[in-house]
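> My questions concern the predicted model and sequence given below.
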Amino acid sequence: MATVSATPKAAKTPKTTKTEHPHVVKTPGIVGGRPRIKDTRISVDFLARFIIGGTQPEEIAEMYPHLTLGGIYDAISYYYDHQAEIDQIIAEGEALWKRIVAATDEHGRIDIARLAAEDELRTASADVT
């Protein structure tokens, strides 16, 4: 007769990867694995949008009081050290937002079938090139 354990197996915790910046980490499954401030869900690309828009680090700290200035400045430093990567993440997010807006009807409903069809077309054209 087989023995059944009464305790469930613990879910495997994704491995957090440290970066060369002490406040910035990457964890699969948390903010899409994008670089983020350690112990938060605030991504570097999220903060970079503020900086690009002219917001000062002190203003960000006021808006998000759980962030330290050290973490904010380190995330900004990470952005400038990895600008091409983060700018690509920002561009992909903006492109997705434009697709969602285009697939939204006058009642605010998103046409998921339309988004899926666009994805299929995009994948097919990428396979051809």
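Cool, the structure landed. Numbering: from 1, shown residues only.

> does R99 count as helix, strand or coil?
Under DSSP: H, G, I helix; E, B strand; the rest coil, the three-state class of R99 is helix.

> which residues touch the most centrally placed residue in the chain?
When the chain is reduced to its mean C-alpha position, the closest residue under CA atoms, centre = their mean turns out to be V31, at 4.1 Å. Residues in contact with V31 (CB atoms under 8 Å, 6 or more residues apart in numbering) are 41, 43. For glycine as for every other residue, the C-beta is placed from the backbone atoms N, C-alpha and C.

> buried stuff in stretch 105-117?
L115 (16 or more other CB atoms under 10 Å).

> same question, stretch 18-26
Of all the residues in stretch 18-26, those buried under the rule 16+ other CB under 10 Å are 19, 21, 23-26.

> Between all of those, which two are separated the most?
For these, the maximum inter-member distance is 12.4 Å, found between H23 and K26 (CB to CB).

> Other residues contacting the helix or strand of the chain with the lowest mean pLDDT?
Ranking every helix and strand in the chain by mean pLDDT, DSSP states H and E puts helix 112-128 at the bottom, with a mean of 74. Counting by CB under 8 Å, 6+ apart, helix 112-128 makes contact with 99-100, 103, all of which sit outside it.

> can I assume V24 is in contact with Y73?
No: the pair V24 and Y73 does not pass the contact test of CB atoms under 8 Å, sitting 10.9 Å apart.

> Give me the distance between I100 and I110.
In this view, I100 and I110 are 6 Å apart by CB to CB, to the nearest Å.

> Repeat that for R99.
10 Å.

> Name the helix or strand for P22, please.
Using DSSP states H and E, P22 sits within no helix or strand.
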